[in-house]
Each structure stands twice: as C-alpha cells, then as structure tokens.
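Participant: Sequence and computational prediction follow.
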Amino acid sequence: MADYLLLPAKDEAENLPWILERARAVGLIPVVCDDGSRGGTAEIARQHGAVVLVHEENLGLAQAIRTLLSFALAQGKPGDLFLIMDADGTMDPALFPEMHRALWKHHAEVVIASRFRGGGTQGLGLLRRFFSQMARTYFSPHIPHPLHSSR
C-alpha cells in the first residue's frame, strides 16, 4: 500500500520544495502535474523526488486534476490512498496523518480538509471567502457526515 500526494501545478517552482519536503516527511509519494509552467516547475519537482507528469501547454486546473486521477487509476493498487491539494503553499501535507486517521476511524471513502474548520480562513481573499462560505452553506445540508465540524 502506498500514499500519494497529487499536485496540479502551474508556475509553482517557488512553493514546491517546501511542499515536497513536507509530503515526504509524512510518507507521501508526490506526483506533480506541471500544467504548462514556464518557470522550472517540472525540474524543481524532479529534483525533489516527485513523479512528474507534464502538459506542454496550460490546459487548466480541471485537466491537470484529470491527468493526476488518470495516473492514480493506472498506477494505484487496492489500499493505496491519494491526496489532492493545491501546489500554491496554502495547504500543508503534514495534515495527511490526521486525515488518514479520520478516513479509517469513520470508514470513509473521502476526507476533505477545509480552511473553515474551526473558523479559520487564512490565506483567502474576501471574494474567495464569500464564495467558499456560500458553497459551504449550500452543500452542508446535503452531505451529512460525522466529521462535519460544529458551527
């Protein structure tokens, strides 16, 4: 069984060393999809031991995630876990052990980390906070789950 960190990345060479170091520290195998970067993202990812998938031109976040999920489907074995997060440095791979425990404790198939858990919204602009809160308000009643934080 293996645990992978899937990172869609465009022009994230500056953020990748920290993220990849943190990922490896918690036992994650990093896989970076360089989505048409111009600034050495793929090279930095390779230097830090990541599996690198490359889009020669920018195809957008959705396609980068599709590429990473195709990798997961092709390479994954029963029992493997896949964590997807942004490569912009706003999320910490060190959260993986806590998410892993929640996954097994609650027999879940999906665990989603949120900046809003506990009321924190660090690193988000006003407009993004607004839209995120609207999405949370809309989806919360439709996704009953024991991990839902109390408000």
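Facilitator: Noted; the coordinates are in hand.
Participant: who's in contact with stretch 14-27?
Facilitator: Residues outside stretch 14-27 that contact it (Cβ atoms under 8 Å, 6 or more residues apart in numbering): 3, 5, 7, 9, 29-30, 32, 41, 44-45, 48-50, 87-89, 92-94, 96-97. No exception for glycine: its C-beta is placed from N, CA and C like everyone else's.
Participant: which stretches of this protein aren't confidently modelled?
Facilitator: Along the chain, the parts satisfying pLDDT under 70 run over 113-124, 139-151.
Participant: The residue nearest to the spatial centre of it: what's it in contact with?
Facilitator: Taking Cα atoms, centre = their mean, the centroid of the chain lies closest to Met85, which sits 1.2 Å from it. Applying Cβ under 8 Å, 6+ apart to Met85 gives the contacts Leu5, Leu6, Leu7, Met91, Pro93, Ala113.
Participant: What of Cys33?
Facilitator: Taking Cβ under 8 Å, 6+ apart, one finds Leu6, Leu7, Pro8, Ala9, Leu53, Val54, His55, Ala64, Ile65, Thr67, Leu68, Phe71 in contact with Cys33.
Participant: let's see it at 7 Å
Facilitator: Contact analysis of Cys33 by Cβ atoms under 7 Å, 6 or more residues apart in numbering lists Pro8, Ala9, Leu53, His55, Ala64, Thr67, Leu68.
Participant: where does the first one fall, phi/psi-wise?
Facilitator: I take that to be Pro8. Backbone torsions of Pro8, given as degrees, to the nearest 10, read phi -70, psi 130.
Participant: Okay, and the residue nearest to it when sequence neighbours are not counted sits in which element?
Facilitator: Take Pro8 and drop its neighbours on the chain: the residue closest to it by Cβ to Cβ, 6 or more residues apart in numbering is Ala64, 3.5 Å away. Assigned by DSSP states H and E, Ala64 falls within helix 61-75.
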